[in-house]
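Chemist: Here's a sequence, model it:
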Amino acid sequence: MDSRPMERLSKDIIQALLERSLLRSDQSIGANTPLVSSGLIDSFGLVEVLEILERVTGLSIPAGRIGPQDLDTIE
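Modeler: I've put the predicted structure just below:
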């Protein structure tokens, strides 16, 4: 796992979401902001979120074992 503190990982993930236009830059997003249940990210965006998480953390995450409830917040 990545050795960066969770706060830094959260910021990196938020930045990646903004860069991919999955979030608008005028939205205030934090590690505990609901992404899926609030409608900020739809089911199509979940695939990109999973890809971002793998890239930022260096982990391999099996898509079949992850659901929308698992990716509702960055934390």
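Chemist: what secondary structure does residue 27 sit in?
Modeler: Secondary structure assignment for residue 27 (DSSP: H, G, I helix; E, B strand; the rest coil): coil.
Chemist: if I look at it, how far off is residue 61?
Modeler: Distance check for residue 27 against residue 61: by C-beta to C-beta, to the nearest Å, it reads 24 Å. To be clear about C-beta, it is placed using only N, CA and C from the backbone, and glycine gets the same treatment.
Chemist: now swap in residue 24 and tell me
Modeler: Distance from residue 24 to residue 61, by C-beta to C-beta: 25 Å.
Chemist: Neighbour count: those two, which is higher?
Modeler: The residue with more neighbours, out of residue 24 and residue 61, is residue 61; 14 against 9, by other C-beta atoms under 10 Å.
Chemist: Next, the contact list for the more buried one, please.
Modeler: Contact partners of residue 61, counting by C-beta atoms under 8 Å, 6 or more residues apart in numbering, are 50, 53-54.
Chemist: Repeat the analysis, applying 6 Å as the threshold.
Modeler: Counting by C-beta atoms under 6 Å, 6 or more residues apart in numbering, residue 61 makes contact with 50, 54.
Chemist: Let me know the helix or strand that residue 12 is in.
Modeler: Assigned by DSSP states H and E, residue 12 falls within helix 6-19.
Chemist: Kindly report the same for residue 47.
Modeler: Assigned by DSSP H and E, residue 47 falls in helix 43-57.
Chemist: any idea how far residue 45 lies from residue 33?
Modeler: As judged by C-beta to C-beta, residue 45 and residue 33 stand 14 Å apart.
Chemist: When those two are compared, which one has more neighbours?
Modeler: Neighbours were counted for residue 45 and for residue 33 using other C-beta under 10 Å; residue 45 has more, 19 against 16.
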